[in-house]
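Participant: Could you work out the structure for the sequence below:
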Amino acid sequence: WFRTGDLGQLDAESFLFLVGRIKEQINRGGEKISPLEIDAALLRHPQVTEAVAFPVKSAVYGEEIEAAVVVKGDVDGEEVRRFLGGLLAPFKVPRKVHVVEAIPKTATGKVQRRFVAEKFEGPKAKL
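Facilitator: Residues are numbered from 1 along each chain as shown. Presented below is the predicted three-dimensional model:
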């Protein structure tokens with residue numbers, strides 16, 4: 001066997017679809033959570049234009065979920081969290097949503113979740 005580190009799903013006709021990476025999963029108290037699912041829910045908010053969910057260290061759960069969003073208009077993180085409450089199971093709702101001006105990306109336009117998470121480690125956000 002060869003482990004690629006990819007996550008996939010089989011559809012009803014047994015076609016395989018790659019949906020993410022194992023290393024990107026957030027382990028919150030034993031619950032494996034895909035940050036892509038949270039990203040998709042965040043982007044359903046009508047005023048969120050960019051979103052990224054990421055893990056932060058937690059003394060209780062090992063990892064906790066936070067997110068960074070770029071918004072249009074006057075929206076705060078708590079309003080976005082309340083919106084997610086209607087879309088996600090309670091344990092998947094980020095404990096904090098940071099409203100930022102931009103989400104940093106690589107030269108190819110990809111978001112590196114670990115880089116974003118590092119920006120929020122410690123007492124002050126650096127984005």
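Participant: show me where the protein has strands.
Facilitator: Ranges of strands in the chain, per DSSP state E, are 6-10, 16-21, 26-28, 31-33, 48-58, 62-71, 96-99.
Participant: Kindly present those strands as JSON lines, with separate columns for distance to Arg113, mean pLDDT and mean neighbour count.
Facilitator: C-beta: built from backbone N, CA, C; applies to glycine. Converted to JSON lines, the strands of the chain look like this (distance: least, C-beta to C-beta, whole Å; pLDDT from 0 to 100; neighbours: other C-beta atoms under 10 Å):
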{"stretch": "strand 6-10", "distance to Arg113": "14", "mean pLDDT": "63", "mean neighbour count": "12"}
{"stretch": "strand 16-21", "distance to Arg113": "10", "mean pLDDT": "60", "mean neighbour count": "12"}
{"stretch": "strand 26-28", "distance to Arg113": "9", "mean pLDDT": "86", "mean neighbour count": "18"}
{"stretch": "strand 31-33", "distance to Arg113": "12", "mean pLDDT": "89", "mean neighbour count": "14"}
{"stretch": "strand 48-58", "distance to Arg113": "4", "mean pLDDT": "94", "mean neighbour count": "19"}
{"stretch": "strand 62-71", "distance to Arg113": "10", "mean pLDDT": "95", "mean neighbour count": "21"}
{"stretch": "strand 96-99", "distance to Arg113": "13", "mean pLDDT": "95", "mean neighbour count": "20"}
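Participant: Columns distance to Val116 on top of those, output as a markdown table?
Facilitator: Shown next, in a markdown table, are the strands of the chain (distance: least, C-beta to C-beta, whole Å):
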| stretch | distance to Val116 |
| --- | --- |
| strand 6-10 | 20 |
| strand 16-21 | 15 |
| strand 26-28 | 13 |
| strand 31-33 | 16 |
| strand 48-58 | 5 |
| strand 62-71 | 6 |
| strand 96-99 | 9 |
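Participant: To Gly77, which of those strands lies closest?
Facilitator: Closest approach to Gly77 among the strands of the chain is made by strand 96-99 (3.6 Å; C-beta to C-beta).
Participant: That'll do, ta.
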